[in-house]
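Engineer: no sequence for this one, just the structure:
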């Protein structure tokens, strides 16, 4: 028979009241062993403990909430505004063409908008226009700085100003006009400033410049340039000027109209479409195949009154190539081919003229005129030589009448002619400042070639003779009260003398002048009354620093020597002062000036045998 099943309650009771086993451990009242699964009702499990959020998560959530609130406040301030004042809310708007014809009058409409919630007090508008800008209101006044009082500008209000201006510049030039508004607000002494700019480009120049001349020119031939200045503006352009830039080798001789200053022409006002033409004539010289560029710039006069352009509007240029001279003429003076020759007063000048046809074509009716003039030319001294002397204009002419070969010169043909003249003597040049003689050579001829070179050819060249100054030297031996020793001198005994040096100038001032000479070994330098006289004992050289000598002036200096003759010099008059040499620089010619004076012996002037050693 199977045993009866024991209920869980009975099992629990049995374990609780079970007697202790001998030698075993005492069973605690509560056991940690899990109860066997019940077959009936079971107690519900205990609730799980609540989890707490970390403090970092809490901080992040708080930060996010703050940012959301701050963003909402900012959005409200942006869309609904505040009472704060900001210069960014003052807007400057400009309505004007971005492409402007230079010289045209254009309206510049400037609108100032106050976007602040309060009134702008004593607002001022300023604009800085480019140099040369003029008012377009008919006054044509300078308008580089514009200002206008806008007064009080209410919140949300607009104020508009229209400025009529004439802007000038070269074609394609960009410019920027700075704008600003200055203002105050109620209850504040602070000055607020709002800025903006207006940009535009010059579409056309108000003036155009065109230069016309030959594209080729022989060296030394006169060259004429025609410069046309035209107004392209729709209104008169005032204070127009033209500045010329000439290349090296070009010497202007005439201009029509004449420049108001060197290379600067003041043209005044140009009406719309008006043209003013300037003609410049000069001589262009240089090496064959050299190119020379002539540049002319038109613009407005400088407000400071100087002979310069305040603004440049347009440029024009022309390039001229230097070709072989059609008739190469050489002129030498006393065998010198320099452009400037220095000669002495009263000298005779021999001139040699040579020529050669440099063209590849025959040259006909060639003529060479040499005009001779100047303050140093001796009157009536010109001799025609192989040419013809024409007294009516003091010139020597070489043409087919004096030299038949000049009637027709084949390519490469050469020829030569000569003449002479004299310079005034020193006495006739007294008081003549800068004595010179100028020779101007004019050449003309005809040839049949066509092209850029003119058919009737002319050229000129000049030679200048500068008359240099001459200096005469003299020296003298004398006995003064302070001199001692025997006269005539005695061997072995010292006799002293006073030496006087003299330098006399002629027609031009001489600078850096000095005189030098040596003393023999038996002569002692005793000192000088003139501080400009010095002695070098090592070389026994005496130097007199003359300095500057004016035209016609003279200078002198004295010093004392002691002469002790030797017995071997008995019966002779030995040299006591060596040959004197003078050097200086002619202030007019720039050439060196030299002179010499003979040595002095012990003989006293006017006293025969006074220097013979006893």
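Structural biologist: Yes, it's here. Because the structure is a prediction, the values reported are computed rather than measured.

Engineer: nearest spatial neighbour of residue 270, skipping sequence neighbours?
Structural biologist: residue 231 (3.8 Å; C-beta to C-beta, 6 or more residues apart in numbering). For every residue, glycine as well, the C-beta is placed using N, CA and C.

Engineer: local confidence estimate at that neighbour?
Structural biologist: In this model, residue 231 is scored at 88, pLDDT.

Engineer: over to residue 532?
Structural biologist: Per the predicted model, pLDDT is 91 at residue 532.

Engineer: now swap in residue 35 and tell me
Structural biologist: pLDDT at residue 35 comes out at 50.

Engineer: do the same with residue 375
Structural biologist: 95.

Engineer: okay, now the residue nearest to residue 270: neighbour count?
Structural biologist: For residue 231, the count of nearby residues is 23 (other C-beta atoms under 10 Å).

Engineer: then residue 397?
Structural biologist: Neighbours around residue 397, by other C-beta under 10 Å: 21.

Engineer: helix or strand for it, which one?
Structural biologist: strand 395-398 (DSSP states H and E).

Engineer: the residue nearest to residue 270 bridge partners, please.
Structural biologist: Beta bridges link residue 231 to residue 207 when assigned by DSSP bridges.

Engineer: from residue 252, how far off is it?
Structural biologist: 25 Å (C-beta to C-beta, to the nearest Å).

Engineer: ok, residue 478 next?
Structural biologist: From residue 478 to residue 252 the distance is 61 Å (C-beta to C-beta).

Engineer: who has more neighbours out of these two?
Structural biologist: More crowded of residue 478 and residue 252, by other C-beta under 10 Å: residue 252, with 16 against 12.

Engineer: what about the protein, any weak spots by pLDDT?
Structural biologist: When residues are selected by pLDDT under 70, those of the chain lie in 1-53, 70-84, 448-459.

Engineer: what about the helices in the stretch 151-300 of the chain?
Structural biologist: Along the stretch 151-300 of the chain, no segments are classed as helices by DSSP state H, counting those that start in this stretch.

Engineer: what are the ranges of the strands in it?
Structural biologist: Ranges of strands within the stretch 151-300 of the chain are 158-166, 174-184, 192-204, 207-212, 216-218, 221-231, 237-245, 250-256, 264-270, 275-284, 291-301, based on DSSP state E, counting those that start in this stretch.

Engineer: give me the buried positions along the longest one.
Structural biologist: It refers to strand 192-204. For strand 192-204, the buried set under the neighbour-count rule, 16 or more other C-beta atoms under 10 Å, comprises 192, 194, 196, 198, 200, 202-204.

Engineer: same check on the fourth one?
Structural biologist: For strand 207-212, burial by neighbour count (16+ other C-beta under 10 Å) applies to 207-209, 211.

Engineer: next one: the second one
Structural biologist: Buried residues in strand 174-184, counting neighbours by 16+ other C-beta under 10 Å, are found at 175, 177, 179-184.

Engineer: and of those, the nearest to residue 469?
Structural biologist: residue 175 (60.5 Å; C-beta to C-beta).

Engineer: any idea which element the closest residue to that closest one other than its chain neighbours lies in?
Structural biologist: The shortest distance from residue 175 to any non-neighbouring residue, by C-beta to C-beta, 6+ apart, is to residue 130 (4.8 Å). If you go by DSSP H and E, residue 130 is not part of any helix or strand.

Engineer: show me what the nearest residue to residue 147 once chain neighbours are set aside is bridged to.
Structural biologist: Leaving out its chain neighbours, the residue that sits closest to residue 147 by C-beta to C-beta, 6+ apart is residue 126, at 5.1 Å. Counting by DSSP bridges, residue 126 is bridged to residue 147, residue 180.

Engineer: how many residues are close by residue 126?
Structural biologist: Residues near residue 126, counting by other C-beta under 10 Å, number 15.
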